[in-house]
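Q: Sequence first, predicted model second:
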Amino acid sequence: MLHPMGWDSFGLPAELYAVKTGQHPRKTTETNIANFTRQIRSLGFSYDWTREVATTDPGYFRWTQWIFLQIYNAWYNPATRKAESIDTLTYPSELETEDQRRAYRDGKRLAFVSEAPVNWCPELGTVLANEEVIDGKSEVGGFPVIRKPMRQWMLRITAFAERLLEDLNLLDWTDSLKEMQRNWIGRSEGAQVDFRAETSGAILTVFTTRPDTLFGATYLVLSPEHRLVDTLTAGTNRAGVKAYQQAAAGRSDLERTELSKEKTGVFTGSYAINPVNGQRIPIWIADYVLASYGTGAIMAVPAHDERDLEFAEKFDLPILQVVQPPDASKPWRGFCDEGTAVNSSGPDLSLDGLPTAEAKHRISAWLDSRGLGKRTLNYKLRDWLFSRQRYWGEPFPILWRTDAAGNRYHEALPAASLPVMPPTLEDYKPTTDGQPPLARATDWVTLPDGAVRETNTMPQWAGSCWYYLRYLDARNPSSFVGGAVESYWMGTSTSGATPGVDLYVGGTEHAVLHLLYARFWHKVLFDLGHVTTPEPFFKLVNQGLILGEDGVKMSKSRGNVVNPDDVLHEFGADAFRLYEMFMGPLQEVKPWNTRGVEGVYRFLGRVWRLFVDEGSETEYEQNALVDAAAESRWVSEIRLDSRVLDIAPTPAQLKTLHGCIRKVTEDLEALRFNTAISAMMMFVNEAMTWPTRPVSVFRTFLQLLAPFAPHIAEELWEKLHPAGAVPSLGYAAWPVFDPALLVEDTLEIAVQVNGKLRDVIRVPAAATPADLETAALAAEKAKPFLEGKTIKKVIVVPRKLVNIAVA
RNA sequence: GCGGAUGUGGCGAAAUGGCAGACGCAGGGGACUUAAAAUCCCCUGACCGCAAGGUCGUGUGGGUUCGAGUCCCACCAUCCGCACCA
């Protein structure tokens, strides 16, 4: 069992807090880690602190940088569907110079530099990944985000889209979480179709999931950022197109979606030819077409697409039916589902009368045979924007140089030079001219040979992409994780073990961030032979959020935050732990209720009184009051209750105990802590009524209690072993229940008439179904319901119930 | 709009298709106490009834079944995620 704890301590929140308090992030991070450690320790969690890691520790981020180098020095080979060393890349023969081959190689790496529109958050002064933008605002802080072309580091996660999708099937995750990832990856099958521009002859490729509607395409739409917009714009339309492009560029994502109710766009003044029928159709640009999805251009089929219809109606473009709904009473206008092709005949091809699926097939084959298009897969997933203009993150192990032709190119630092430490800065805010903070350290940036360092840093997700691997071998100085250690813990050296982390408990907020990024890194490491499982986390459970007492998410601004320190001070760690587990199912969202803590606190009081002598308890309370300094001595003088004796338990006592062992054991396995606790409450409620309290029974009970309330369990365990030389309760083997002790000699059988409970009878456990039937028919309280009725059928469920069906 | 989850007492919740509401909170009554707190005992889904007992009851409406909180269909509500993804 490996149960470690660590700190994901790089990132924006830590940096923002540091800026706010005017301290260095390393200082505030250390202070916070110390405080969290204190709180966690006071709760008595059994973490293995010898494996503690912090992602901000140079001994840790050295290996984060090392993994980045593995990604940087790899490419995705579509033939093998795997990441491979960049050395296996073959070059097209037309690349003659080393500079040309270098440019080609850099374009293939899994870590690459790209000049593309990115999410820029002016308030935070940094770019953000797609996953970090929620409703057009930054995930951290909630500030507006705009699109801006910038030169940034990207990781080629899109190459793994299909495998990230497929391998979800290997995992024991909830359906909802898997669905979130599937939706985020957003696979869709369709076709690319080439349209030829009428005057320039330029080829315009569009992506569509409905190639069967090609005959209904009455215009094309390009995104404002599409690279062919300039060449396609006719003279008189130039000013309007430019203005539209500029307006779209300056608009935030939020504005873009808020304004989505109203479609906007401009005509370029030029036309394209529909390859299927030679029709001349206008080319428009509009921001409802996204540059970053598909080809950044669409064929509009207003009859059978909601958005195209809205646009066509607004700009008075032709709407042509090409699909007949199966339900003829439904209007064809705006019908987007599958039906039958109509009005779809051209000189070389007719789809008329074909069902949608077949029409898709036919047209795809036709386009393919003419070289006009091909079947394609598209994903919503975008490449991972991996650089940030921040101080508090891992510096890239990358240098920039200039070649003979004056082109800047990048180069990896050797692994031996890791870690690349961030420079010491007085001011770690971004520069006023928009340069990352690291650019302030001019001595650090420029090397003696003229090379300059990359001044961006990695995003906060980098460190958390692989921490579970570092836990396995946290102090290894020569490798990110030792090979034998990795295969032992990840389960590939033992047959039957689940591959990867056996149980990962975490919140849903990581669904399309950390959990996606970590899977991607893991797959790269797997392909390159550094780890032995294709997936990092086998079983994943999302714990539910604990809301404030008012049923709303806890927040400082609402003032409904419960501070664990206060709860601990008033009720102790055991009551706090017990309550959190007793509240309800682990996965459920549920509100905090301090009364509930009092409830489990009372339960712990009853446990205590089950063991200790009341008189000595009173003495302790009085003595501890006048002499608080010697409290621990007075505690040790509390005596056991005189009924707690080393005597043989009665069969009834053993039965109660073993029933409890069974329930607690099974519930723990299934993470049903709430019902396990309720079983222990029932045990205690009954044990309170016993005239004798056999030590052996209570020792076992304490073992059951220990994982929930370790402090009180350990204290009482010690009292039950007066000799002193007893190992801690934590090392005692978990009790095993004896099924033989749970056998009942008589059973309670429910007697139903027409499914309604009428009586409960007691029968010997050995009673046969026939015995049960006889006894049930004779049941006193059931009789009135049988009188004067015909018995149609008697259903006997052995050991449970008898149902008499009457007419 | 799309995807997912959840709907059970005053509240948190239990219940391999087989006695709905275990366990706990809150509430009511009682014991102990000069008194209070703590503790212990009893009651507590709704309605009818003096009682015995009965009727109804797991978001709504259907269905399958000897029997449905549980399975199937439709709908409603709430929460979470995604959202102009062609």
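A: Yep, that arrived.

Q: quick one: low-confidence ranges for chain A?
A: Counting by pLDDT under 70, chain A contains low-confidence residues at A:252-254, A:257-261, A:723-725.

Q: Spatially, which residue comes closest to the most centrally placed residue in chain A, not counting chain neighbours?
A: By Cα atoms, centre = their mean, the mean C-alpha position of chain A lies nearest to A:Ala511, the distance being 2.4 Å. The shortest distance from A:Ala511 to any non-neighbouring residue, by Cβ to Cβ, 6 or more residues apart in numbering, is to A:Met180 (4.4 Å). All C-beta atoms are positioned from the backbone trio N, CA, C, and that covers glycine.

Q: Can you report how many residues lie near the one you found?
A: 17 (other Cβ atoms under 10 Å).

Q: rewinding a little: residues in contact with the residue nearest to the centre of chain A?
A: Each residue near A:Ala511 by Cβ atoms under 8 Å, 6 or more residues apart in numbering is listed here: A:Leu177, A:Met180, A:Gln181, A:Trp184.

Q: interface residues of the stretch 651-800 of chain A facing RNA strand B?
A: Counting by Cβ under 7 Å from any atom of the strand, the positions of the stretch 651-800 of chain A adjacent to RNA strand B are A:672, A:674-675, A:677-678, A:681-682, A:685, A:688-689, A:748, A:750, A:752, A:754-758, A:760, A:781, A:793, A:795, A:797, A:800.

Q: Among the residues you listed, name the buried ones.
A: For those, a neighbour count by 16 or more other Cβ atoms under 10 Å gives the buried set as A:Arg672, A:Asn674, A:Ile677, A:Met681, A:Ala750, A:Gln752, A:Arg758.

Q: Help me confirm that the fifth one comes into contact with A:Lys756.
A: So the one you mean is A:Ala750. No. Counting by Cβ atoms under 8 Å, A:Ala750 does not reach A:Lys756; the two are 10.3 Å apart.

Q: quick one: which two of the buried ones among the residues of the stretch 651-800 of chain A next to RNA strand B are the most distant?
A: A:Ile677 and A:Arg758 (34.7 Å; Cβ to Cβ).

Q: how about the strands in the stretch 401-550 of chain A?
A: Taking DSSP state E, counting those that start in this stretch, the strands of the stretch 401-550 of chain A run over residues A:408-412, A:452-453, A:504-506, A:540-542, A:546-547.

Q: how about JSON lines for those strands, with mean neighbour count added?
A: As requested, these are exported to JSON lines (neighbours: other Cβ atoms under 10 Å):
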{"stretch": "strand A:408-412", "mean neighbour count": "15"}
{"stretch": "strand A:452-453", "mean neighbour count": "19"}
{"stretch": "strand A:504-506", "mean neighbour count": "15"}
{"stretch": "strand A:540-542", "mean neighbour count": "19"}
{"stretch": "strand A:546-547", "mean neighbour count": "16"}
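
Q: and the closest residue to RNA strand B within the stretch 151-300 of chain A, which of the three is it?
A: Closest contact between the stretch 151-300 of chain A and RNA strand B, by Cβ to the nearest atom of the strand, is at A:Ser176 (2.4 Å). Put simply, A:Ser176 is helix when judged by DSSP: H, G, I helix; E, B strand; the rest coil.

Q: how does chain A divide up, domain by domain?
A: If you go by automatic domain parsing, the domain ranges for chain A are A:77-159+A:384-453, A:188-378, A:567-741, A:744-806.

Q: Tabulate these (JSON lines), appending distance to A:Ser42.
A: Listed next are the domains of chain A as JSON lines, based on distance: least, Cβ to Cβ, whole Å:
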{"stretch": "domain A:77-159+A:384-453", "distance to A:Ser42": "28"}
{"stretch": "domain A:188-378", "distance to A:Ser42": "43"}
{"stretch": "domain A:567-741", "distance to A:Ser42": "6"}
{"stretch": "domain A:744-806", "distance to A:Ser42": "44"}
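
Q: May I have the phi/psi pair for the closest residue to RNA strand B within the stretch 651-800 of chain A?
A: Closest approach between the stretch 651-800 of chain A and RNA strand B, counting by Cβ to the nearest atom of the strand: A:Gly755, at 2.9 Å. A:Gly755 adopts backbone torsions of phi 80, psi 0, taken as degrees, to the nearest 10.

Q: Pretty sure it sits against A:Val802.
A: No. When contacts are counted by Cβ under 8 Å, A:Gly755 is not listed as touching A:Val802 (11.6 Å).

Q: just the strands in the stretch 151-300 of chain A please.
A: Here the stretch 151-300 of chain A has its strands, by DSSP E, counting those that start in this stretch, at A:188-197, A:203-208, A:219-222, A:266-273, A:280-285, A:297-300.

Q: So which residues make contact with the longest one?
A: Counting contacts by Cβ under 8 Å, 6+ apart, the residues outside strand A:188-197 that touch it are A:202-211, A:214, A:220, A:228, A:232, A:270-275, A:283, A:295, A:299, A:360, A:363-364, A:367, A:372-379.

Q: give me the subset of these touching RNA strand B.
A: A:Phe207, A:Thr208, A:Thr209, A:Arg210, A:Asn378.

Q: Most neighbours among the residues you listed, please name it.
A: A:Thr208 (25 neighbours).

Q: For that residue, name its beta-bridge partners.
A: Here A:Thr208 shows beta-bridge partners A:Ala191, assigned using DSSP bridges.

Q: burial count for the closest residue to A:Asp348 other than its chain neighbours?
A: Nearest non-adjacent residue to A:Asp348, counting by Cβ to Cβ, 6+ apart: A:Trp366, 7.6 Å away. The local packing of A:Trp366 (other Cβ under 10 Å) involves 19 other residues.

Q: ok, now the one 5 residues further on?
A: Around A:Gly371 sit 8 other residues, with neighbours defined as other Cβ under 10 Å.

Q: Residue in the stretch 451-600 of chain A with the shortest distance to RNA strand B?
A: A:Gly599 (2.7 Å).

Q: export the buried ones among the residues of the stretch 651-800 of chain A next to RNA strand B to JSON lines and tack on secondary structure?
A: Compiled in JSON lines, those are given as follows (three-state DSSP):
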{"residue": "A:Arg672", "secondary structure": "coil"}
{"residue": "A:Asn674", "secondary structure": "helix"}
{"residue": "A:Ile677", "secondary structure": "helix"}
{"residue": "A:Met681", "secondary structure": "helix"}
{"residue": "A:Ala750", "secondary structure": "strand"}
{"residue": "A:Gln752", "secondary structure": "strand"}
{"residue": "A:Arg758", "secondary structure": "strand"}
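
Q: which of those lies closest to A:Glu614?
A: Taking Cβ to Cβ as the measure, A:Met681 is the one of these closest to A:Glu614, at 20.9 Å.

Q: ok, the closest one - contacts?
A: A:Phe603.

Q: Which residue ranges of the stretch 351-500 of chain A form helices?
A: For the stretch 351-500 of chain A, applying DSSP state H, counting those that start in this stretch gives helices covering A:356-370, A:442-445, A:461-464, A:467-471, A:483-489.

Q: Please identify the most buried of the ones you listed.
A: Compared across the helices of the stretch 351-500 of chain A, helix A:461-464 shows the largest average neighbour count, a mean of 24 (mean count of other Cβ atoms under 10 Å).

Q: helices or strands up against that one?
A: With contacts taken as 3 or more Cβ pairs under 8 Å, 6 or more residues apart in numbering; DSSP states H and E, helix A:461-464 sits against helix A:58-72, helix A:514-527.

Q: So what touches the shortest one?
A: Counting by Cβ under 8 Å, 6+ apart, the neighbours of helix A:514-527 from elsewhere in the structure are A:67, A:70-71, A:74, A:82-84, A:110, A:131, A:155, A:157, A:160, A:163-164, A:167, A:177, A:181, A:184, A:384, A:461, A:464-466, A:468-469, A:506, A:531-537, A:540.

Q: any idea how far A:Val597 lies from A:Val664?
A: As judged by Cβ to Cβ, to the nearest Å, A:Val597 and A:Val664 stand 21 Å apart.
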